[in-house]
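Undergrad: Coordinates for the following, if possible.
(chains A and B)
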Amino acid sequence: MTETATNPAFATIEADIKANDVVLFMKGTKSMPQCGFSARVAGVLNFMGVDFKDVNVLADDAVRQGIKDFSDWPTIPQLYVKGEFVGGCDIITEMTLSGELDQLFEQNGVSFDKAKAEQIREANQ
Amino acid sequence: MRGNDAGEQAEGGAEGPWARRMREKLVAEFNPSELAIVDESEGHRGHGGYREGGETHFRVHVRSAAFDGKSRVQRQRMVMSLLKPEMEARVHALSLSLAGEAGP
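TA: Numbers count the residues shown, from 1 in each chain, chains lettered A, B, ... in the order given. Got it, this is the predicted structure:
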């Protein structure tokens, strides 16, 4: 994060992940995703009733590249919880199915609908 | 001769050159006990990153002792950094399932 001074997008990203408990950097918006991988993660969070901020990287080229450098992660979507990078589409999918995502939300005081999370797991057994 | 060619191709699963390249690199780096590379590009036809000829969207599963004690994020970073040249040149998306020998 030492590049903050040199990369102006970092300030925007830092402000977003500080101001919101759950932030999804994605292609498109939570109501209109523009990519299947972004759609999957946004869909899981929506279904679980998580209140999250969606940042559309397609709307800002500086953030689109900036978030990859900021997280040292080459792909979109990227999920942040309480300012910490959690992972991309594969990791969020695995964590949803294993129950680790529930634990992460519980540990961080993020409210979600546990019954809906169970419903996802039952449907994917 | 023709029969032989067809037989070989079926046996090899008709893996394309990019998949083969990734397979070689993954084997050399991680010495995996399980390795599967599936080209899912056709499912992404018409979507971002698709190219004629496929080999743009892959599902990759690797089980290796190299991932023991590593977090999910660390495991993915190890694979992404190994395959960075392929990602920059051709491959648009990798869906990764990375397991250690000790646990899941």
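
Undergrad: List phi and psi for the residue lying closest to residue B:43 once chain neighbours are set aside.
TA: Using CB to CB, 6 or more residues apart in numbering or on different chains and skipping the chain neighbours, the partner closest in space to residue B:43 is residue B:57 (7.0 Å). Yep, even glycine has a C-beta here, placed from its N, CA and C like the rest. Residue B:57 has phi and psi values of phi -120, psi 120 when expressed as degrees, to the nearest 10.

Undergrad: Could you measure from residue B:57 over to residue B:65?
TA: 28 Å (CB to CB, to the nearest Å).

Undergrad: Show the pLDDT at residue A:120.
TA: For residue A:120, the pLDDT comes out at 96.

Undergrad: Which residue ranges of the chain form helices?
TA: Unless you meant another one, I'm taking chain A. Per DSSP state H, chain A carries helices over the ranges A:8-19, A:36-47, A:61-71, A:89-98, A:100-107, A:114-123.

Undergrad: That was the other one, I meant chain B.
TA: B:2-12, B:17-30, B:72-82, B:84-89.

Undergrad: Kindly provide the whole-number mean pLDDT of the last one.
TA: Per-residue pLDDT over helix B:84-89 has a mean of 93.

Undergrad: Can you show me the CA trace of that helix as CSV?
TA: What follows is helix B:84-89, C-alpha atoms only, in CSV (Å, rounded to 0.1, in the frame of the first residue of the first chain):
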residue,chain,number,x,y,z
LYS,B,84,0.6,-15.0,-15.8
PRO,B,85,2.2,-15.2,-19.2
GLU,B,86,-0.6,-17.4,-20.5
MET,B,87,-3.2,-15.0,-18.9
GLU,B,88,-1.6,-12.0,-20.6
ALA,B,89,-1.3,-13.7,-24.0
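
Undergrad: Show me which residues of stretch B:44-59 are buried.
TA: Buried residues in stretch B:44-59, counting neighbours by 16 or more other CB atoms under 10 Å in any protein chain shown, are found at B:44, B:50, B:54-59.

Undergrad: Cool, thanks, signing off.
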